[in-house]
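[1] pasting the structure only:
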């Protein structure tokens, strides 16, 4: 088993499912299905590589603007994770967490998320955090609103108090943020949390991502010097 004491939190923007499907002459939805299969593999790889936390950008606030057919299919894949895959995730010791605007999801999905989180809350081998209907700016806005609702005085607002009101409260910031498929932007992902993350952009589409790619990223991360402004 690979030893990896350095990365405590890996964040991934899983990009390229649709382009992968187009390259292979397949329907767009098949690209998403292959991406879903890769997510299941990734949980195993992270456990094997001793990465305790992984956050995946699965569905952004902007993704609601896609076609109704595509959105419906992506939500069906989320249901697969929450229903079909939950037993295996629990057996592996995975704690499932969902961050984002849950109120925009269908009521049955909200109930499934609550059940999945409750079922796996004591698991400690891997925190598997799915960002669903997630946007970094929306997250900061809702944190500010919560502070206002709690009548926190302006002089009492600190980085720590804002952080404690984010959807990721209690989860350490990512050490490494990776985006697949060649695009070199963060696209509203972990806007607050990623300020000191090491960032890697790789050309492979998400369905082509392999464990070898993961271990190569771990090696590169280990070669970087993280000074945090010092």
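    That came through, no problem. For clarity, every value in this text was computed on a predicted model and none was experimentally measured.

[2] from residue 207, how far out is residue 26?
    For residue 26, the distance to residue 207 equals 10 Å [Cβ to Cβ, to the nearest Å]. Every residue, glycine included, has its C-beta placed from N, CA and C.

[3] same check on residue 125?
    25 Å.

[4] check residue 194 too.
    From residue 194 to residue 207 the distance is 24 Å (Cβ to Cβ).

[5] how about residue 141?
    Applying Cβ to Cβ, the value for residue 141 to residue 207 is 33 Å.

[6] try residue 58
    14 Å.

[7] now do the SS call for the residue sitting nearest the centre point of the chain.
    Nearest residue to the geometric centre of the chain (Cα atoms, centre = their mean): residue 56, 2.0 Å. Classification of residue 56 using DSSP: H, G, I helix; E, B strand; the rest coil returns strand.

[8] isn't it right up against residue 126?
    No. The pair residue 56 / residue 126 is not scored as a contact, 11.9 Å apart, by Cβ atoms under 8 Å.

[9] rewinding a little: more neighbours: which of residue 141 and residue 207?
    residue 207 (24 against 11; other Cβ atoms under 10 Å).

[10] pLDDT score assigned to that one?
    At residue 207, the model reports a pLDDT of 98.

[11] I'd say it and residue 34 touch.
    Yes. Counting by Cβ under 8 Å, residue 207 does reach residue 34; the two are 3.9 Å apart.

[12] shared neighbours, those two?
    The contact sets of residue 207 and residue 34 overlap at 17, 20 (Cβ atoms under 8 Å, 6 or more residues apart in numbering).

[13] doesn't residue 130 fall inside a helix?
    No. Counting by three-state DSSP, residue 130 is not part of a helix but strand.

[14] count the residues that sit near it.
    22.

[15] let the chain start at 6 from now.
    Happy to do that; since the first residue is 6 now, the last one works out to residue 135.

[16] and it, what are its bridge partners?
    residue 61, residue 103 (DSSP bridges).

[17] and if you look at residue 15?
    residue 59, residue 181.

[18] tell me how far it lies from residue 122.
    Residue 15 sits at a distance of 20 Å from residue 122 (criterion: Cβ to Cβ).

[19] out of those two, which sits in the busier spot?
    residue 15 (25 against 14).

[20] so that one sits right up against residue 60, yeah?
    Yes. Residue 15 is within contact range of residue 60, at 7.5 Å (criterion: Cβ under 8 Å).

[21] overlap of the contact sets of these two?
    residue 179.

[22] residues making contact with the helix or strand hosting residue 83?
    Element membership of residue 83, judged by DSSP states H and E, is helix 73-84. Helix 73-84 is contacted by residues 33-34, 37-38, 41, 63-64, 68-69, 110-111, 114, 117, 135, 137 when judged by Cβ under 8 Å, 6+ apart.

[23] could you redo the last one with a cut-off of 7 Å?
    33, 34, 37, 41, 64, 69, 111, 114, 117, 137 (Cβ atoms under 7 Å, 6 or more residues apart in numbering).
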